[in-house]
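J.: pasted the sequence and its predicted model underneath.
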Protein chains: 2
Amino acid sequence: MGAREMAVAARESSRRLQALSSEERKKILLAVANALETNEKLITEENEADVAAAEKAGYEKSLISRLVLKPGKISNLAKSIRMLANMEDPIGHVLKRTQIAEGLILEKTSSPLGVLLIVFESRPEALVQIALLAIRSGNGLLLKGGKEAKQSNAILLKVITEAIPESVGSKLIGLVTSRDEIPDLLKLDDVIDLVIPRGSNKLVSQIKNSTKIPVLGHADGICHVYVDKSADMNMAKRIVLDAKVDYPAACNAMETLLVHKDLVQTGGLNDLVVDLRLEGVTLYGGPRASAELNIPETHSFHHEYNSTACTVEIVNDVQAAIDHIHEHGSAHTDCIITEDHEVAEVFLRQVDSAAVFHNASTRFCDGARFGLGAEVGISTSRIHARGPVGVEGLLTTRWILRGSGQVVDGDKGVTYVHKDIPIDS
Amino acid sequence: MGAREMAVAARESSRRLQALSSEERKKILLAVANALETNEKLITEENEADVAAAEKAGYEKSLISRLVLKPGKISNLAKSIRMLANMEDPIGHVLKRTQIAEGLILEKTSSPLGVLLIVFESRPEALVQIALLAIRSGNGLLLKGGKEAKQSNAILLKVITEAIPESVGSKLIGLVTSRDEIPDLLKLDDVIDLVIPRGSNKLVSQIKNSTKIPVLGHADGICHVYVDKSADMNMAKRIVLDAKVDYPAACNAMETLLVHKDLVQTGGLNDLVVDLRLEGVTLYGGPRASAELNIPETHSFHHEYNSTACTVEIVNDVQAAIDHIHEHGSAHTDCIITEDHEVAEVFLRQVDSAAVFHNASTRFCDGARFGLGAEVGISTSRIHARGPVGVEGLLTTRWILRGSGQVVDGDKGVTYVHKDIPIDS
């Protein structure tokens, strides 16, 4: 089946899925959870074959570790699917209700986006999470997984698809196996509604540059922590260390530390530097910090280390910190550490990033930590969804108008009242 | 100033605008309303010069009539700006509030998109409406108006810009005067966040095909009215006529009439056809209707007449109508006329369009009629905003997290509670 046929078939199935009742969609999710547990042995065997092949091919250890479905993984997945099944159905929510005129009621309701294309790298459990988010949100799905996980992905999709009733159809989720098909898929802006690349910055940038379909994702995570002169320095140390070393390769890790100039005199800057070095962090400086601390100068402030390294710079005040972030950041997650409430509010109001924090580690910027349930990714796009994206990002809206014969007739047809009606009523 | 410099300057000004208080932004809007009234004579003179030049150049009458700022227009614009000023500030609304952990509060808040590029055709009042919506929503703006309205646009922008305080800056709104600059602007996907083309289908399609910036708009408005066998036929006639003839060139006018097969026998179909013809509507048929009614066959069901003409087809039932709409429609506005509540709900639940109506004319699909205040356009995109788009479509969100020193520390740093906090509290 060609790329277009797959996408069209996925949309048709998604429309049948949307037409089901909430209870029926919930049953599908529960059936998938059961099917995964029932077929655990089969899944594990196929996964072991992938792992053996990857080892034989001499792949990196980190890739192989991402490939392995560890014992307990399947039952954990089944557990999270059951949680998703018991969540309130996200489709058909009334978001707003307005009386337009006598007997003419308008509702803005949530509805599925349509067809998603998700490109992900090695972890096979990502296939399960994504497929279930798509079912929960009523969307059709085309998936392209890593070739190392070929057998794992095939068996997982087979098990999931067999649990989808015939009334919806087996083509709700399509698996694209060859990388060569991606360019064809990326051309289908009339039948695919959203592309979500889950993987390296390079993957995201490549996809963004080669499609007219909207892309949800982030290419850069250049997160800043600004330590104000009024900071509690013990708190500052704790947050700065967590933001950098809790998981240095994460997109929400700190890449640039900005320090108020007064902290040079007080020794605050030096204390932070000593602590970072104790944790094995390599420091690069902006012009002022490299002179002050005698460290190598960074070649660019717009740089994501993705490792135990970061840039340090000295700034005059909160406004200079904000300007620096706007000029050099990636609008992902930026944080201020201060005990001065007014300074904090200036930062929170002005910093134009997806996530802006006061006195908390940048590492909190994450769907699970934000309480969104499963996460499809973190978006630094300003359109549609921004920051950590859960099921909500896979939905759009429809306007439903219920009348009793009203016509516009040059706007003399009805008397407009435009009265908001509370949604609970 | 080059295209990039204009966009960067507009973003910088928009950030200063965002940093103002609600009261200060409101004052700007009121100052603009006053400035327009004060300068009415000047504006009218420049507009008359444009009109005279257009007449001399032999432009079409319809274009000239769109170009004219009729008496009372300026004070009407000022009035609608004062309404906008007195609306609740759309920036900084808390949309959702969650307690993540003890002392760690997350808010999802509304914020400006950034920089908008709006391309519009002849009406000069569109400049005023768009500029004020941008100020209200805290966005920077680049505008490209029709060349026929050159002098009108220049004076309107001058008057508006002079009312913007120096603290925000005169480059918040930039006017692009030459069509040659458009291709350069459309390349700036790193500094322009959204393009809104207001004009012909051709304009919208051209822009969609030549930019990576998200485009808000609709290229086609192929709206359907489906008359079910259970319809009240007097109501059906009223709605069908209004949907087609109230304003045939509008994107929300009916282009295709679908009729249940039983209405052939009852004479219902014939009555509708007679009434449409009485109003001067030319009819084209699908295969079944053209045979039954002896009318020419349409060359395509996916056709927007934009005039007093439409396609008619006979369908077996509501499911066939839904399938027809999905296959041939443009997902703009589709309507069912029926007295059968169950049939209506099947249609309302399944039709996958921006607006889906029961027993009301498609012509109601409009920002003003929906009560959204000013409208920036109608979107048939499924991403970001769908259907009539008001100020809300010019906003994005930011996640604001307020903590007291919390760190993630491998998710052992805090005890997650994820408790929703009511927003009124």
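T.: Nice, I can see it. Residues are numbered from 1 along each chain as shown, chains lettered A, B, ... in the order given.
J.: what ranges do the helices span in the stretch 151-300 of chain A?
T.: Along the stretch 151-300 of chain A, the stretches classed as helices by DSSP state H, counting those that start in this stretch are A:182-186, A:201-208, A:233-245, A:262-265, A:268-278, A:287-293.
J.: could you tell me the least trusted of those helices?
T.: Set side by side, the helices of the stretch 151-300 of chain A differ in mean pLDDT, and helix A:201-208 is lowest with a mean of 85.
J.: so who does A:Gly221 touch?
T.: A:Ala250, A:Cys251, A:Asn252, A:Ala253, A:Glu255, A:Glu304, A:Ser330, A:His332, A:Thr333, A:Ile378, A:Thr380 (CB atoms under 8 Å, 6 or more residues apart in numbering or on different chains). In short, each C-beta sits where N, CA and C put it, glycine included.
J.: of those, grab the buried ones for ChimeraX.
T.: Buried members of those, defined by 16 or more other CB atoms under 10 Å in any protein chain shown, are picked up in ChimeraX with:
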select /A:250,251,252,253,255,304,330,332,333,378,380
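J.: what about the contacts of A:Gly221, which are in strands?
T.: Members of these lying in strands (criterion: DSSP state E): A:Glu255, A:Thr333, A:Ile378.
J.: so where do the helices sit in the stretch 301-425 of chain A?
T.: With DSSP H, counting those that start in this stretch as the criterion, the stretch 301-425 of chain A has helices spanning A:318-328, A:341-350.
J.: deepest-packed of those, please.
T.: Ranked by average neighbour count under the criterion mean count of other CB atoms under 10 Å in any protein chain shown, the helices of the stretch 301-425 of chain A are headed by helix A:318-328 at a mean of 19.
J.: that one near chain B at all?
T.: Yes - figure legend: helix A:318-328 in contact with chain B (CB under 8 Å from any CB of the partner chain); contacting residues A:His326.
J.: which residue sits closest to the residue in the stretch 201-350 of chain A positioned nearest to chain B, ignoring its sequence neighbours?
T.: Among the residues of the stretch 201-350 of chain A, A:Asp242 lies nearest to chain B; the distance is 3.6 Å by CB to the nearest CB. Nearest-residue entry for A:Asp242: B:Val407, 3.6 Å, with adjacent residues in sequence omitted and distances by CB to CB, 6 or more residues apart in numbering or on different chains.
J.: same question for A:Ile105.
T.: Leaving out its chain neighbours, A:Ile105 is closest to A:Arg402 (CB to CB, 6+ apart), at 5.1 Å.
J.: how deep is that neighbour tucked in, by neighbour count?
T.: The number of residues packed near A:Arg402 is 18, by other CB atoms under 10 Å in any protein chain shown.
J.: go ahead and confirm A:Gly405 touches B:Ser361.
T.: No - counting by CB atoms under 8 Å, B:Ser361 is not a contact partner of A:Gly405; they are 9.1 Å apart.
J.: can you name the residues that contact A:Ile239?
T.: If a contact means CB under 8 Å, 6+ apart, then A:Ile239 has A:Val225, A:Cys335, A:Ile337, A:Asn359, A:Ala360, A:Ser361, B:Gly405, B:Val407 as its contacts.
J.: take these and lay them out in TSV including distance to A:Asp189 and pLDDT.
T.: Shown next, in TSV, are the contacts of A:Ile239 (distance: CB to CB, whole Å; pLDDT from 0 to 100):
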residue	distance to A:Asp189	pLDDT
A:Val225	39	98
A:Cys335	37	98
A:Ile337	44	98
A:Asn359	43	98
A:Ala360	39	98
A:Ser361	38	98
B:Gly405	46	98
B:Val407	42	98
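J.: wait, A:Asp271 touches A:Leu241, no?
T.: No - A:Asp271 sits out of contact with A:Leu241 when judged by CB under 8 Å, with a separation of 11.4 Å.
J.: just list the residues touching the nearest residue to A:Asn209 once chain neighbours are set aside, thanks.
T.: Leaving aside its sequence neighbours, A:Asn209 sits nearest to B:Lys212 (CB to CB, 6+ apart; 7.9 Å). B:Lys212 sits next to A:Lys208, A:Asn209, A:Lys212, B:Asp189 when contact means CB under 8 Å, 6+ apart.
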